[in-house]
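1. give me a model of this one.
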Amino acid sequence: MSLFKPAENTMAYAKMGFMGEAGSGKTHTATLTAIGLVQHLRAAKIKGSEKPVYFLDTEQGSAWVKPMFDDAGIELRVAKTRAFKDLVAAVREAEKDGCLLLIDSISHFWEDLQNSYMRKRSEQLKRPYNRLEFQDWAILKRMWREFSDLYVNSNLHCILCGRLAFEYEQETNEQGRKEINKSGVKMAAEKGLGYEPNLL
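-> Numbers count the residues shown, from 1 in each chain. Purely as a prediction, here's the structure:
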């Protein structure tokens with residue numbers, strides 16, 4: 001029995017990410033992209049394209065973009081939460097009942113995961129736990145992977161927005177002193193998330 005099988009032309013799901021500083025237009029651009037994608041799917045008579053767009057809103061942006069969806073004749077359903085525990089449930093619900101999921105901003109869910117983990121550790125240890133330690137990151141990354149794996153593998157078009165963060169490197173300057181310099185940009189979320197979208 002062969003491991004390989006003939007390739008099939010099956011439905012591909014868009015996995016996109018927009019990152020930028022506050023006020024840079026992430027929500028607006030993601031909304032225009034979502035509307036354009038849904039209109040394209042409807043014009044092509046793709047099954048499920050008549051379903052609503054789901055918006056996981058952490059920044060109250062859905063109120064600003066609702067008129068754009070209304071004008072396009074696309075139903076918009078909104079959940080206003082920043083709780084990481086709602087993130088996986090939202091992807092599953094949107095995959096079942098929606099056409100597309102818009103998450104704005106994914107950065108808040110990453111922050112909530114870290115903060116709720118530290119609160120839980122404080123309760124367990126019966127003392128303040130205000131700083132993540134090396135061994136905590138493996139646990140947090142495993143918890144986060146429940147979302148990121150679902151994001152990548154779901155039968156759902158999904159657009160996420162995230163705040164811009166800088167990457168830093170320690171370098172030695174001309175005087176031989178060590179200094180920290182910006183070396184690049186990334187999405188303010190779990191380190192590997194920027195590699196998950198098909199288009200970032």
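2. list of residues touching stretch 107-126?
-> 58-59, 82-85, 87, 103, 128-130, 132, 136, 139-140, 143-144, 147, 162-163, 187-190, 193 (C-beta atoms under 8 Å, 6 or more residues apart in numbering). C-beta: built from backbone N, CA, C; applies to glycine.
3. any of the residues you listed buried? List them.
-> By neighbour count, with 16 or more other C-beta atoms under 10 Å, the contacts of stretch 107-126 hold 58-59, 82, 84, 87, 103, 129, 140, 143-144, 147, 162-163, 187-190, 193 as buried.
4. for the residue of the chain most remote from its centre, give me the pLDDT.
-> Centroid-distance maximum for the chain: Gln175 at 42.0 Å, with C-alpha atoms, centre = their mean. Listed pLDDT for Gln175 reads 81.
5. any weak-confidence spans in this protein?
-> 11, 165-168, 183-186, 188 (pLDDT under 70).
6. which stretches in it count as helices?
-> Counting by DSSP state H, one finds helices in the chain at the ranges 26-43, 62-72, 84-97, 106-125, 134-153.
7. now those as CSV including distance to Glu171?
-> Listed next are these as CSV, based on distance: least, C-beta to C-beta, whole Å:
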stretch, distance to Glu171
helix 26-43, 31
helix 62-72, 41
helix 84-97, 35
helix 106-125, 27
helix 134-153, 23
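8. right, I'll call it a day here.
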